[in-house]
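Asker: Fold the following.
(chains A, B, C, D, E and F)
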Protein chains: 4
Amino acid sequence: MTEKTNRKCQIIEVASKLFFEQGYHATGIKQIIEAADIAKGTFYSHFKSKEELGLEWLECGNRKWKTCRDSFLEQFATPKEKLIALFDYQAKGAEECSYRGCAMLNMLAETPELGCPMRKAIRGYKKGYLCFIRELVNQHLPDASDDDREQRAGAIYLLSEGATVAAQSFCKTGPIDIAKVQVEKILAE
Amino acid sequence: MTEKTNRKCQIIEVASKLFFEQGYHATGIKQIIEAADIAKGTFYSHFKSKEELGLEWLECGNRKWKTCRDSFLEQFATPKEKLIALFDYQAKGAEECSYRGCAMLNMLAETPELGCPMRKAIRGYKKGYLCFIRELVNQHLPDASDDDREQRAGAIYLLSEGATVAAQSFCKTGPIDIAKVQVEKILAE
Amino acid sequence: MTEKTNRKCQIIEVASKLFFEQGYHATGIKQIIEAADIAKGTFYSHFKSKEELGLEWLECGNRKWKTCRDSFLEQFATPKEKLIALFDYQAKGAEECSYRGCAMLNMLAETPELGCPMRKAIRGYKKGYLCFIRELVNQHLPDASDDDREQRAGAIYLLSEGATVAAQSFCKTGPIDIAKVQVEKILAE
Amino acid sequence: MTEKTNRKCQIIEVASKLFFEQGYHATGIKQIIEAADIAKGTFYSHFKSKEELGLEWLECGNRKWKTCRDSFLEQFATPKEKLIALFDYQAKGAEECSYRGCAMLNMLAETPELGCPMRKAIRGYKKGYLCFIRELVNQHLPDASDDDREQRAGAIYLLSEGATVAAQSFCKTGPIDIAKVQVEKILAE
DNA sequence: AATGAATGAGCCTTCATTCAT
DNA sequence: CATGAATGAAGGCTCATTCAT
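Answerer: Below is the predicted model of the structure:
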């Protein structure tokens, strides 16, 4: 929380907004520094390159998203309720960001090189999300077989991802409602 | 089928490969005309702009994808079998394109403006895909209620989209297998 | 001599002046295009990169220099006279260019990477100059041993190069006069 | 010999290596301070500007070069032997620095402005080198005429400079051997 | 002394598009 | 229809230097 950290965070915040709203490639350094009201050299004293900023954006965004999500889910008591409420949280987010989708999936689309740092990072974050769902499923069905739980967790994860991009495609939360209903079925069986 | 059409198609074909492999923004007109071995002016006599080429790419790509898909599904007799085989087809495609995902979802990520032609087009193609699934579900469950069928079709659609982006995220077909198993359950109930 | 050639040549001419007067690194593309009164894109439609222009500059400069030199030496009858007059030509050039030295040696100083295209090119041009001197020496002393002729040609070449950089160092033609006198001795023996 | 002096010398040493290896313009302040492991401000508390560092580099380099040279020549008894051995010293240096040439001549190439401090300094150092040669020639030929001695000294100086840039051009010591042989002739007559 | 964040002009290069031929 | 030269704004990034701490 030193001053240096603050300035860097401010740049990340400004860039996050622009990257998310316009896309990574479509957002230029010039636009970022103008929005952050700093000089070009200042930017490059904080970040080695645009890619580094991109990576920090994703990491920072993931951290914040998890914090908000967990905070939202605190009001729900059981794992089952939490898993279902996850889709309410998703619907809320989709609306709030004008159906811009998921920052990571969007970045994935702009990043074709298979082994690059960006894709590695995204894979890590997505794996983390899957684990989060798996853990809740495990808590909800402690006596089910591993395979069964893995299948259910995977399906819920896929419904969540599918709902994200479908909401983005159609600019409405309808798909997320469908996903929520399906998740209720998956957890009821 | 005139010469003009052939030439235009050739450009679209070349551009399709590049757009899909590298992304829309990351692919320049220069690269396209060099790969197609034509002059700049020739390109602009066939396409008003890069965006127009992008739109034709999506349309052409969607048409081809549907043709291939339907051809692949012909070998399966029942709607249920077709719906399940759809995920085998998806897995094959994911591997073949090195997990580059869906051209339309990728384009969506690069296209933030809500009402632009690109997004309208993508919405149309995605709606078409959902309809295709809905129709098969209707055939499979002619006696189910509208709501029930709509829910099942929607869930299958979401699993398909989710499997696409998950396979892209993790560079493996595992998520598609999960989706396939889940679809079998949805159609068995 | 098409229009295209003319335009490219014009750029090379403008750049030659600037590169020679200011140095290669110290001359920016912006300055070149402003002096040539063309747009940036135009420049890059003629040259792949600044380095390519640099290479063409050296090649073009070498060609022109040889032409002028040979034209100047035509008035002299014997190989010996030509070799001596070479230093008058050099003195004239040194004065005319305000003792800026040799474009190639200057470029060499700005190009440390041993195997790069620039150094290869420069080595070729310098080898050509040495050969030119050697041939005249051979004509002058047809009966001398190979070793002897090689030594004399080499020494004359070194005196020429030394005179160039010394004139550049001291901003006067004195060193070239010294070299000329020494060459006369070398050829008289 | 205070701490300050040491720190300054350390910067000069680090910069010397980089300037010589990469060229003056091609070496940035950032690279120098990183290699010297100091802060930007520290650099500018020791040097008014990059140019000042450049000037100190040349001066320091000249001083060191003379010391090494004189130390090397101590083992030789007569002025004639010293003058000839000078070219062995030169060959050794050319090899050791990967044929990067003479720091001063390289700097000259990057410094077109005729009256600037850098050129004045270089002129001084080169004049010093010529004087050093002249003195040895005078000792070797105390009875020759002034003109004769001046011509011989000048020729040896030119052969030395020519050998330097030729070795740099061709990345071999051959030219220095040629120069040495020629110097032997000049001193034998 | 020493620090390193900040500056903003400048670097080389690519962009999508136009238009005279 | 086809050509490819021309445009100039924008791309990501580095430069030498200053200055408050």
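
Asker: What ranges in chain A fall below the confidence cut-off?
Answerer: A:1-5 (pLDDT under 70).

Asker: Where does it get nearest to DNA strand E, residue-wise?
Answerer: Proximity of chain A to DNA strand E (CB to the nearest atom of the strand) peaks at residue A:41, 2.1 Å away. (C-beta placed from N, C-alpha, C; glycine too.)

Asker: neighbours around that residue, how many?
Answerer: A count of nearby residues for residue A:41, using other CB atoms under 10 Å in any protein chain shown, gives 8.

Asker: try residue A:175
Answerer: By other CB under 10 Å, the residues close to residue A:175 number 27.

Asker: quick one, what contacts it?
Answerer: A:162-163, A:166-167, B:154, B:157-158 (CB atoms under 8 Å, 6 or more residues apart in numbering or on different chains).

Asker: In helices, which of those residues fall?
Answerer: A:162-163, A:166-167, B:154, B:157-158 (DSSP state H).

Asker: What distance do you get for the closest residue to residue A:95 other than its chain neighbours to residue B:165?
Answerer: Once flanking residues are discounted, residue A:95 sits nearest to residue A:173: 6.2 Å by CB to CB, 6 or more residues apart in numbering or on different chains. Distance, residue A:173 to residue B:165, using CB to CB, to the nearest Å: 18 Å.

Asker: Likewise for residue A:45?
Answerer: Taking CB to CB, one finds residue A:45 at 36 Å from residue B:165.

Asker: Return the backbone torsion pair for the residue of chain A found nearest DNA strand F.
Answerer: As assessed by CB to the nearest atom of the strand, DNA strand F sits closest to residue A:28 within chain A, at 2.4 Å. Phi and psi for residue A:28, reported as degrees, to the nearest 10, are phi -90, psi 160.

Asker: Just give me the neighbour total for it.
Answerer: Neighbour number of residue A:28 under other CB under 10 Å is 12.

Asker: which residues in chain A form strands?
Answerer: Counting by DSSP state E, chain A forms no strands at all.

Asker: can you pull out the helices in it?
Answerer: A:3-22, A:29-36, A:40-46, A:50-73, A:79-96, A:103-109, A:117-140, A:146-170, A:174-188.

Asker: can you pull the buried residues of the last one?
Answerer: Pointing back at helix A:174-188 there. For helix A:174-188, burial by neighbour count (16 or more other CB atoms under 10 Å in any protein chain shown) applies to A:175-183, A:186-187.

Asker: on that earlier part again, out of residue A:173 and residue B:165, which sits in the busier spot?
Answerer: Higher neighbour count among residue A:173 and residue B:165: residue B:165, with 27 against 21, using other CB under 10 Å.

Asker: Return the residues of chain A in contact with DNA strand E.
Answerer: For chain A, the contact set with DNA strand E under CB under 7 Å from any atom of the strand comprises A:4, A:7, A:38-42, A:45-46.

Asker: In ChimeraX, how would I select the buried members of these?
Answerer: Applying 16+ other CB under 10 Å to the residues of chain A next to DNA strand E, the buried members can be selected in ChimeraX as follows:
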select /A:38,46
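
Asker: restrict the residues of chain A next to DNA strand E to contacts with DNA strand F.
Answerer: A:40-41.

Asker: Find the pair from the residues of chain A next to DNA strand E with maximum spatial separation.
Answerer: Across these, the longest distance by CB to CB is 18.0 Å; it joins A:4 and A:40.

Asker: follow-up on the earlier one: select, from the buried residues of helix A:174-188, the two members most distant in space.
Answerer: Maximum pairwise distance among those (CB to CB): 18.8 Å, between A:175 and A:187.

Asker: wait, doesn't residue A:7 sit right on residue A:46?
Answerer: Yes: with contact defined as CB atoms under 8 Å, residue A:7 counts as touching residue A:46 (6.9 Å).

Asker: I figured residue A:139 was touching residue A:77, is that so?
Answerer: No: between residue A:139 and residue A:77 there is no contact under CB under 8 Å: 11.6 Å.

Asker: if you count what's nearby, which of the two comes out ahead?
Answerer: Between residue A:139 and residue A:77, counting by other CB under 10 Å, residue A:139 is the more crowded of the two (13 against 8).

Asker: Name the nearest residue to the more buried one, ignoring sequence neighbours.
Answerer: With sequence-adjacent residues excluded and distances taken as CB to CB, 6+ apart, residue A:139 is closest to residue A:79, at 4.0 Å.

Asker: Let's test this: what are the backbone torsions at residue A:102?
Answerer: Torsion angles, degrees, to the nearest 10, at residue A:102: phi -100, psi 130.

Asker: and it, what does it touch?
Answerer: A:161, A:164-165, A:168.

Asker: ok now do the nearest residue to residue A:72 once chain neighbours are set aside, which residues does it touch?
Answerer: Of all residues not flanking residue A:72 in the chain, residue A:89 sits nearest, at 4.9 Å (CB to CB, 6+ apart). Contact analysis of residue A:89 by CB under 8 Å, 6+ apart lists A:69, A:72-73.

Asker: All set now, cheers.
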